[in-house]
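Novice: coordinates only, sequence not included:
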């Protein structure tokens, strides 16, 4: 996960020493700062997000159009190494706040594109008013934080719903205190197969952290030993949304005419060897940023957020 690389680059032994020798430091990371660090990474060692721009005619076969557009950049294909950008991919953005806010009144429009299930088949429903793509005219670019705000609001609402149907959960500190007093209390130690497993097995915690609207914080694969920030949050729904919403980082863009523009500025043409490409990337005189660029495309251009593993 991006969070791992943003705030904890060490291996298992380093993290164990952090917990054993300086537990307070491990537990006092400001979770809003962690979210910002992860978001600003944009492109991590595990993957990247690219917005694929498709022509209007792709509406009848989004999957086929994505396959064709992304094929020249497939690391598993017969492509130049320098042009390889991904080895697996999924449509992603509606469930995690990295997608698009939907223009009010079009939330149920069938032309919208939504997230694919996780690799294990688990559904990833879009948060209300958010999607992974669709015709540009249906996507609201007026407020950069709108998609994030709506997903964070969904996170809050999900927690309120789950607390009403599940028994209360013990805080993580109870499990940490038990482990402090008895290092053998959890056979697997303090990590995912031990103390954290016991904490996360509680019905309320399990139901929340395994839902995509928990936004990955507090999930078993996260190397940060901390509860989800909603747990024990002292403030209103509006306070929570304001604190944990964030703008989008600069994303890669794959243009309709086959240019993959990296967030850092480099561009690769779909059908050229990067070392001998004679095409001139038609970059605006001033690159306004990926979201501003997308907002200026023709209204019937289809935009799709795709998370790529690379």
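Specialist: Sure, I can see it. Since the model is a prediction, treat every value here as computed from it, not as a measurement.
Novice: Look at the spatially closest residue to residue 126 that is not a sequence neighbour and tell me its secondary structure.
Specialist: Nearest non-adjacent residue to residue 126, counting by C-beta to C-beta, 6 or more residues apart in numbering: residue 94, 3.0 Å away. For glycine as for every other residue, the C-beta is placed from the backbone atoms N, C-alpha and C. Under DSSP: H, G, I helix; E, B strand; the rest coil, the three-state class of residue 94 is coil.
Novice: Now do the same for residue 94: its pLDDT.
Specialist: You'll see residue 94 listed with a pLDDT of 95.
Novice: Surely residue 133 is in contact with residue 115?
Specialist: No: when contacts are counted by C-beta atoms under 8 Å, residue 133 is not listed as touching residue 115 (9.7 Å).
Novice: list residues touching both of the two?
Specialist: Overlap of the contact sets of residue 133 and residue 115 (by C-beta atoms under 8 Å, 6 or more residues apart in numbering) consists of 91, 93, 99.
Novice: re the thing from before, residues contacting the residue nearest to residue 126?
Specialist: Residue 94 makes contact with 114-115, 124-127, 130-132, according to C-beta under 8 Å, 6+ apart.
Novice: Helices of the stretch 151-300 of the chain, residue ranges please.
Specialist: Under the criterion DSSP state H, counting those that start in this stretch, helices of the stretch 151-300 of the chain are mapped to 172-181, 195-200, 203-209, 237-244, 290-295.
Novice: Give me whichever of those is most buried.
Specialist: helix 195-200 (a mean of 20; mean count of other C-beta atoms under 10 Å).
Novice: Contacts for that one next, please.
Specialist: Residues outside helix 195-200 that contact it (C-beta under 8 Å, 6+ apart): 170, 172, 175-176, 178-179, 185-186, 188-190, 205-206, 209, 218, 220, 225.
Novice: Run a quick neighbour tally on residue 183.
Specialist: Other residues lying near residue 183 total 10 when counted by other C-beta atoms under 10 Å.
Novice: who's in contact with the closest residue in space to residue 90 that isn't next to it in sequence?
Specialist: Distances taken as C-beta to C-beta, 6+ apart put residue 116 closest to residue 90, at 4.9 Å, once the chain neighbours are dropped. When the contact criterion is C-beta under 8 Å, 6+ apart, the partners of residue 116 are 90-92, 124.
Novice: Inside strands: which ones of those residues?
Specialist: Those of those mapping onto strands are 90-91, per DSSP state E.
Novice: low-confidence ranges in the stretch 1-150 of the chain?
Specialist: Residue ranges of the stretch 1-150 of the chain with pLDDT under 70: 1-46.
Novice: quick one, strands of it?
Specialist: 47-54, 88-91, 100-102, 130-131, 133-135, 139-140 (DSSP state E, counting those that start in this stretch).
Novice: Same list, these, but as JSON lines with distance to residue 246 and mean neighbour count please.
Specialist: Below are the strands of the stretch 1-150 of the chain laid out as JSON lines (distance: least, C-beta to C-beta, whole Å; neighbours: other C-beta atoms under 10 Å):
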{"stretch": "strand 47-54", "distance to residue 246": "14", "mean neighbour count": "23"}
{"stretch": "strand 88-91", "distance to residue 246": "21", "mean neighbour count": "19"}
{"stretch": "strand 100-102", "distance to residue 246": "14", "mean neighbour count": "26"}
{"stretch": "strand 130-131", "distance to residue 246": "14", "mean neighbour count": "30"}
{"stretch": "strand 133-135", "distance to residue 246": "20", "mean neighbour count": "24"}
{"stretch": "strand 139-140", "distance to residue 246": "17", "mean neighbour count": "20"}
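Novice: In TSV, list these along with distance to residue 270.
Specialist: As requested, the strands of the stretch 1-150 of the chain are exported to TSV (distance: least, C-beta to C-beta, whole Å):
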stretch	distance to residue 270
strand 47-54	12
strand 88-91	15
strand 100-102	24
strand 130-131	26
strand 133-135	19
strand 139-140	24
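Novice: So which of those is nearest residue 73?
Specialist: Residue 73 sits nearest to strand 47-54 of all the strands of the stretch 1-150 of the chain, at 8.7 Å, using C-beta to C-beta.
Novice: Report the strands that pair with that closest one, each with its relative direction.
Specialist: strand 252-254 (parallel), strand 302-309 (antiparallel) (DSSP bridges).
Novice: Could I get the contacting residues of the residue positioned nearest the centre of the chain?
Specialist: Centroid-nearest residue in the chain, with C-alpha atoms, centre = their mean: residue 96, separated by 5.2 Å. Residue 96 makes contacts with 151, 212, 215-216, as judged by C-beta under 8 Å, 6+ apart.
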